[in-house]
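Engineer: how does the following fold in three dimensions:
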Amino acid sequence: MRAPAAVLFDLDGTLIDSAPDLAGAGNELREARGLPPLPYEAFRPMVGSGARGMVGIALQLAPAHEDFPAARDDFLRRYEARMTRDTRVFDEIPPLLDRLAHRPPLQFSYSDETEAMLPDLAGGFGVALAQALKIIEPDLKNPQTRQWELATRIFELLL
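Structural biologist: Numbering: from 1, shown residues only. You can find the predicted model right below:
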C-alpha cells in the first residue's frame with residue numbers, strides 16, 4: 001500500500017470535542033437573557049449545526065427570525081471567549097497522531113531557497129484546502145463526507 005502524500009482532518013468534531021464549550025456559550029446566551037440553563041444533552045444533538053443550531057436550541061430562534069442575527073453574533077462572541085475552556089481532544093486521537101507522526105517521512109529533496117519557503121507553502125496548503133471547500137460549495141459551513149472526498153481529489157491533483 002502506498003503511503004499517503006497528505007492527511008486531511010476536520011478539526012471540530014473529529015479531533016476535538018468542542019460540544020461542552022458550544023453548550024456553555026449557549027447557556028451563557030440564555031443566562032444573559034434571564035433564562036435558566038439547559039442541560040448539556042439539549043445542545044449535544046445540534047453541535048454539528050454550529051451557531052445556527054446552538055442559538056436555535058438556546059433561544060428557540062430560527063435563522064429567519066429578526067432577532068437571530070444579533071443573537072448569533074452574541075453567541076459567537078461568547079463562544080470565542082470560552083472556546084478552549086472545556087473543549088478536549090477525543091481520547092482516540094493522540095495515539096492516532098502519534099502513529100502518523102512516526103511513519104517514515106516522504107522522500108524528497110529541496111534547495112535552501114525552497115526550505116526557507118516551506119512555512120509559506122505549508123500554510124498555503126491550509127488556505128488551499130479552505131478555498132477548495134469554498135469552491136465546491138461557496139456557502140458551506142460544515143463540510144460533510146462528500147465535500148471532504150472532493151477536497152481530497154483536489155489535493156491529489158496539487159500533490
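Engineer: sketch out the low-pLDDT regions of the protein for me.
Structural biologist: Along the chain, segments meeting pLDDT under 70 span 1-10, 100-144, 147-148, 151-152, 154-159.
Engineer: swap in 50 and give it another go.
Structural biologist: 107-108 (pLDDT under 50).
Engineer: ok, residue 67 touching residue 55?
Structural biologist: No - counting by CB atoms under 8 Å, residue 67 stays clear of residue 55, with 9.4 Å between them. All C-beta atoms are positioned from the backbone trio N, CA, C, and that covers glycine.
Engineer: could you pull out the helices in this protein for me?
Structural biologist: 19-32, 40-43, 50-59, 68-82, 93-101, 112-136, 145-158 (DSSP state H).
Engineer: specify the residue ranges that define each domain of the protein.
Structural biologist: 19-86, 89-158 (automatic domain parsing).
Engineer: hang on, the earlier thing: find residues that contact each of residue 67 and residue 55.
Structural biologist: Contact with both residue 67 and residue 55 is made by residues residue 61, according to CB atoms under 8 Å, 6 or more residues apart in numbering.
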